[in-house]
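1. what follows is a predicted protein model with its sequence.
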Amino acid sequence: MQLTPKVKEILSWYESDNPGTKANLARILMQGKLGGTGRMVILPVDQGFEHGPARSFAPNPAAYDPHYHFQLAIEAGLNAYAAPLGMIEAGAATYAGCVPTILKVNSANSLSTSKDQAVTGSVADALRLGCSAIGFTIYPGSEDQYAMMEELRELAEEAKAAGLAVVVWSYPRGGFLDKTAETALDICAYAAHMAALLGAHIIKVKPPTAAISLEAAKKTYEKHPVEVNDPVARIRHVVQACFNGRRLVVFSGGEAKETGGILEEVKAIHAGGGNGSIIGRNTFQRPKAEALKLLDDIIAIYRSPPAR
Amino acid sequence: MQLTPKVKEILSWYESDNPGTKANLARILMQGKLGGTGRMVILPVDQGFEHGPARSFAPNPAAYDPHYHFQLAIEAGLNAYAAPLGMIEAGAATYAGCVPTILKVNSANSLSTSKDQAVTGSVADALRLGCSAIGFTIYPGSEDQYAMMEELRELAEEAKAAGLAVVVWSYPRGGFLDKTAETALDICAYAAHMAALLGAHIIKVKPPTAAISLEAAKKTYEKHPVEVNDPVARIRHVVQACFNGRRLVVFSGGEAKETGGILEEVKAIHAGGGNGSIIGRNTFQRPKAEALKLLDDIIAIYRSPPAR
Amino acid sequence: MQLTPKVKEILSWYESDNPGTKANLARILMQGKLGGTGRMVILPVDQGFEHGPARSFAPNPAAYDPHYHFQLAIEAGLNAYAAPLGMIEAGAATYAGCVPTILKVNSANSLSTSKDQAVTGSVADALRLGCSAIGFTIYPGSEDQYAMMEELRELAEEAKAAGLAVVVWSYPRGGFLDKTAETALDICAYAAHMAALLGAHIIKVKPPTAAISLEAAKKTYEKHPVEVNDPVARIRHVVQACFNGRRLVVFSGGEAKETGGILEEVKAIHAGGGNGSIIGRNTFQRPKAEALKLLDDIIAIYRSPPAR
Amino acid sequence: MQLTPKVKEILSWYESDNPGTKANLARILMQGKLGGTGRMVILPVDQGFEHGPARSFAPNPAAYDPHYHFQLAIEAGLNAYAAPLGMIEAGAATYAGCVPTILKVNSANSLSTSKDQAVTGSVADALRLGCSAIGFTIYPGSEDQYAMMEELRELAEEAKAAGLAVVVWSYPRGGFLDKTAETALDICAYAAHMAALLGAHIIKVKPPTAAISLEAAKKTYEKHPVEVNDPVARIRHVVQACFNGRRLVVFSGGEAKETGGILEEVKAIHAGGGNGSIIGRNTFQRPKAEALKLLDDIIAIYRSPPAR
Amino acid sequence: MQLTPKVKEILSWYESDNPGTKANLARILMQGKLGGTGRMVILPVDQGFEHGPARSFAPNPAAYDPHYHFQLAIEAGLNAYAAPLGMIEAGAATYAGCVPTILKVNSANSLSTSKDQAVTGSVADALRLGCSAIGFTIYPGSEDQYAMMEELRELAEEAKAAGLAVVVWSYPRGGFLDKTAETALDICAYAAHMAALLGAHIIKVKPPTAAISLEAAKKTYEKHPVEVNDPVARIRHVVQACFNGRRLVVFSGGEAKETGGILEEVKAIHAGGGNGSIIGRNTFQRPKAEALKLLDDIIAIYRSPPAR
């Protein structure tokens, strides 16, 4: 297999990483229907932990079975499948070598009153399960954010030495951040940038809204305006925050929504130079045929020539 | 000894585990009167730690002696016996090889004002005592839940490498959960699902009630209703939450109650596809002959052909 | 030297322990004037740490000298001598091989506002000082109880592997426990039981009072009454809580008191099946001749035929 | 499962071992058609390593498949199956929990010109593969014997701490020992005794011949004669050398021979108080039906009442 | 990507391995033009170490450049590329993710007078370089064979825990083996069998000749004859020695030879059920176009329907 020029270019950005980590990034980038384009669609299934099984899987009960998600990711031709320890353990042998996996090594749940997560997996787990990367969530803004960043630092250091990639979910939350702030453009760009600074290879954030939330940042945005009402410009701003595009950034789908809304968002990500989508509930909560159709439509957008 | 097709099927679900862990699961599943059926009855004796010796053993003073419980588990033909360090140490040599043991490696007590547990045993202890598994309690919802999950993660990783199985007691407690919430159907299914995600081989939960407790979950249950008033449907829902049945789930007997009530509960577990009962106080607090009779009746239910 | 049948029986209860630990238990049990009877009198001198030197030793200034206590234990024909690191270091060579020693490896002091103790000795210390056992205090009920139990777990695992015995001081304290609760019968039995569950070879508790303190336990004690006003019945209940007598339990003398009161307590311990006394202040705060007389009287009681 | 009095007695001989090791000995002793009798038949398949695959398996090509041997041991109702790493790895999951396995952790081969063996397995391997014991060969008399004994010491110490049993193949060889000496009665008894002294739980030797080979020993045997021409007396003498029967000793079948000869040998082992046979080539080199018949006949002898 | 039924079957043979190792085996087996067939062609370039650079690369000077070999393996559509540390380091980043690599972790050279190899790479190296497997040579028969096997044991245990596969070059050599013996059928089958017993996932041997060399084996081969003059039968015999086909076995190309001879050998490997070729000098010592043509022809043979 030869890498495409696009993937070679992307790997060149990770110039401090060892070939093992590059190979795992290449595996993710060369996999599936978007293989070689520099764009990715990743299936994350950590909602069972975050929201409970029924809220996650009752809309499509086949999804209670961990094998379902491996199969969905493979059939849809996605780039990778991300999930917590138990979900990966339950299918990693059956689907060995079929799709790159990302072991989500920390997890929160809806019964918690804190803004932290439990570390629930290790680099050794990722290696024995054949994963290509570890995934870790930080909550910039929360009381526990520094402790979370320190856990990430340790795990990322170990992962990189073992040739794994590091995917960081960067979700502003807690402290003085209100609901609006959590997805405000300035905060989102800030969160993405911190993930990059923490050494993430792939950054996951929520699509930013038009709000500018941090008081101290408003003056800057007034002086150097971003067209906040243009979703494409907003994505472009987040990409900029990811080392001007030198780090891969993918956007979550968020709560289940209408197909039209999802595709509009994807078009903006694509046009704005984002590297793809990490989309869970919007896929596995639909009947499989519908999910495959939606994923095909998303992939088609990412395969179309970039406008920029 | 040949494994039954049912046990072979169950072992195939644990596809990431080494043969040592599979052998210990097989030992538990092939033991006693339910050996080979895929159903289990386990005797847990950690109530002395949780509630004190008198509340645990005064109703049947013979049970103050640790040998009593080994003997009860063996005579009744149970699948395994679970207890904290001292209880296992006091009988492990006399009953070496007679019944699989589960070393309960964390413990709480009634003098505590916190919602945590102390780690009171290790994987090295489990190996030197000839145990087949370690047991660990998490309290999803409590302030200390993430710390507990992290302790479990470390112990489970070590246990699996050494060929032991991991049994997780998942008991929602603390935080914003009231008494009703602790056994509500949605919370119980959630707790079971988290144990599975944390890599448990066998999950222990309390039988769920008809309540739906988490505000955020109510909409889902309205849209995708579970027949909450049917105990069989409730068990089935918990089984679904355990990776659609790919992880073994057993139900605690809870507080001492009438024989009739216990057997009704067991019938529902059986009909709903649960893998069995882990039943302590309701057995060792009765005179031995009565306990053996009750256990025989429970086993007879689990041996009857499943209705589903 | 042949072991007596009584000591052989006691050693048989420690069926999971290696011969090294058994030999150290045998050394303690075969030592002194009670050697071979299964009863013990142990001299503990950790009061200097707990209450300061003057409160401990001013009544009998000879006791400021660590050699004094070794000498006292040897002359009185006691089973063992227990003290913190410095006290043992100051006499262990002079009295090498003369009396079994127990290295108290954690200690509290009166200047502390917490209900915790500092770990002040190690298993390596115990080995280099020729000790037969380590001693460790837990405070069931205190905020720090789980941390203390986890420290004990680690030290006990290491001690047992090195062939040492483990003596646990189990003193309920803190949290919702008031002064009455600390020595209430139910709480005392509970504390002894937890020490047994944590893997103690010898358990030390305070003599229980007639109080029943834990609200949740009262119903049990009403239904299964203990003659709380009979000190012998109270001791018997604590012995029961120590695995029905399968673990050695000794009782502290508590605060300095009249000789008559002490002897009455000892008679109850003896009649109730307790394994002896661990008695410090009531001995070393008296002139040596008086102390030796008192110890002789205590030993005489333990040597008399058991009534039960 | 209750242990038989015979197995309880045998376990009582291993008084320094932890309950984990006792449980694994119990598993071997309670397994199969001889379960509970104190006698054993073990299937060893290390001949592929020792003599090459064709010399081992060509007579019965089905035996090239590692599953064949697991299946043979199970169908014949044997006590355990012993083999090197690769043979165990190739079947340990399929046959998890079906028959106790012994990981042979060192191996020699016919291409070697030395009298040593390579260490080819570890205690960690034994744990992850669910084995009950490790097996190790020493060559008393060879140039490398002390190095081999030192390897055994290290592995045995680790195995015992992890609750595994230790089986020692003690085969005199090399140095000044000629072919006759290798199986001479005095040398065989000596080899068995050294294995016992090295801490073996189960000792494997070759059936001794009538020769007395060590010059220095001849005087003793003249003064205290053994009826060397009676095979039963020879076995009895080897049993004596195994701590007067306090250590289990089994005898190898040696080179393939006629059924009659094998059964005569087994009768002598049985009558002389040996604990059984470890018999490889004479079973797996025959068609399966014949092998099962032979093993049934051997088992029948061991099940008959002992004459002594 | 879905695995083919053939690859699924092969993975099922590795029943003790974790999903990481299975994924790496799958990567190798699903790669290139033979992907999914269960057959492999692997490019090994350790001749520079073994024979010096000029003897290795002068015939085709482009091959002095490490990138040349990565490129050759990729363009030819091979399954994997194997080389020592420096060769992998020099290209692993450029070709990250393009072809599975096997880090050869021990190496010999022509300046040595011993029959040993130096360990020149580690599992950590393999992980940081993104390799799918480690490769290790043993010399059964040599004076150092046991030391080599012990090195392999340690490295293989570590590699398997980290999810890597283990490829063993098993080359009889030294001791009493003459040139004929090194490739004699019986010795070759023996060498392959030992690699399997040592826990190899993929075994590499030289194609066997018609000789039977080990004196002790001749009787067996007379009694259970192999058609030694039929190369297909010889391959089939070696496959049998690899756990009756449960372990993958590939054959080296050996010394540079005529195209016709190579293809005949490949046809025999194919017809005899061998899993492929590991062919170095015969490819990289030719001009690239010729090498690609030869590899295409070899692949075409392996892609043709198996005759057996």
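-> Happy to help now that I have it.

2. please make it C-alpha for all contacts and neighbour counts, starting now.
-> OK.

3. let me know the pLDDT of A:Val238.
-> A:Val238 carries a pLDDT value of 98.

4. gap between it and chain E?
-> Using Cα to the nearest Cα, to the nearest Å, we find A:Val238 at a distance of 28 Å from chain E.

5. which is the succeeding secondary structure element to the helix or strand hosting that residue?
-> Secondary-structure element containing A:Val238, defined by DSSP states H and E: helix A:231-241. Scanning the chain past helix A:231-241 towards its C-terminal end, the next helix or strand to appear is strand A:248-252 (assignment: DSSP H and E).

6. about what we covered before: can you list the neighbours in contact with the helix holding A:Val238?
-> Helix A:231-241 is contacted from outside by A:185, A:188-190, A:192-193, A:207-210, A:226-228, A:245, A:249, A:265, A:268-269, A:271-274, using Cα atoms under 8 Å, 6 or more residues apart in numbering or on different chains.

7. same check, this time on stretch A:30-38
-> Where contact means Cα under 8 Å, 6+ apart, the residues beyond stretch A:30-38 that reach it are A:3-4, A:6-7, A:10, A:28-29, A:40-41, A:74, A:76-80, A:99-100, A:275, A:299, A:302-303, E:1.

8. and if you look at stretch A:173-185?
-> Stretch A:173-185 is touched from outside by A:115, A:139-143, A:171-172, A:187-188, A:206-214, A:228, A:234, A:238, with contacts defined as Cα under 8 Å, 6+ apart.

9. narrow those to those in strands?
-> Taking DSSP state E as the definition of strands, the contacts of stretch A:173-185 contribute nothing to them.

10. quick check on the contacts of stretch A:30-38: which are buried?
-> A:3-4, A:7, A:10, A:28-29, A:40-41, A:74, A:76-80, A:99-100, A:275, A:299, A:302-303, E:1 (16 or more other Cα atoms under 10 Å in any protein chain shown).

11. what count of nearby residues applies to the residue nearest to A:Ala96 when sequence neighbours are not counted?
-> In space, and not counting its chain neighbours, A:Ala96 is closest to E:Ala23: 4.3 Å by Cα to Cα, 6 or more residues apart in numbering or on different chains. E:Ala23 is surrounded by 29 other residues when neighbours are defined as other Cα atoms under 10 Å in any protein chain shown.

12. what about the residue lying closest to A:Asp186 once chain neighbours are set aside, neighbour count?
-> On the basis of Cα to Cα, 6+ apart, the spatially nearest residue to A:Asp186 that is not a chain neighbour turns out to be A:Ile212, at 5.5 Å. Each residue near A:Ile212 was counted by other Cα under 10 Å, and the total is 20.

13. distance-wise, check A:Ile212 relative to chain D.
-> 55 Å.

14. isn't that residue right up against A:Glu222?
-> No: here A:Ile212 does not reach A:Glu222: they are 9.9 Å apart, not a contact under Cα atoms under 8 Å.

15. so how far is stretch A:290-308 from its chain's centroid?
-> Computed by Cα atoms, centre = their mean, to the nearest Å, the chain-centroid distance of stretch A:290-308 equals 17 Å.

16. for the closest residue to chain C within the stretch 51-200 of chain A, what are its contacts?
-> Using Cα to the nearest Cα, the single residue of the stretch 51-200 of chain A nearest to chain C is A:Ala118, 19.6 Å away. Remark: with contacts taken as Cα under 8 Å, 6+ apart, A:Ala118 is in contact with A:Asn106, A:Ser107, A:Ala108, B:Tyr146, B:Ala147, B:Met149, B:Glu150.

17. out of these, list just those in strands.
-> Within the contacts of A:Ala118, residues falling in strands by DSSP E are A:Asn106, A:Ser107.

18. count of residues packed around the closest residue to A:His51 other than its chain neighbours?
-> In space, A:His51 comes closest to A:Ser110 once its chain neighbours are excluded; the distance is 5.6 Å by Cα to Cα, 6+ apart. For A:Ser110, the neighbour count with other Cα under 10 Å is 17.

19. just the pLDDT for A:Ser110.
-> Reading off the confidence values, A:Ser110 has pLDDT 94.

20. in contact with the closest residue to chain B within chain A, which residues?
-> Distances from chain A to chain B, computed as Cα to the nearest Cα, single out A:Gly86 as the nearest residue at 3.9 Å. When the contact criterion is Cα under 8 Å, 6+ apart, the partners of A:Gly86 are B:Ala196, B:Leu197, B:Leu198, B:Gly199, B:Ala200.

21. same question, A:Met40
-> If a contact means Cα under 8 Å, 6+ apart, then A:Met40 has A:Leu29, A:Leu34, A:Leu78, A:Asn79, A:Val250, A:Asn275, A:Gly276, A:Ser277, A:Ile278 as its contacts.

22. ok, of those residues, which one's closest to chain C?
-> For the contacts of A:Met40, the closest approach to chain C (Cα to the nearest Cα) belongs to A:Ile278, at 41.2 Å.

23. ok, what's across the strand from the closest one?
-> Beta bridges link A:Ile278 to A:Ile42, A:Ser252, judged by DSSP bridges.

24. pretty sure it contacts A:Val45?
-> No: in this structure, A:Ile278 is not within contact of A:Val45 by Cα under 8 Å, at 9.9 Å.

25. where does the stretch 101-250 of chain A have low pLDDT?
-> Low-confidence segments of the stretch 101-250 of chain A, defined by pLDDT under 70, are absent; every residue clears the threshold.
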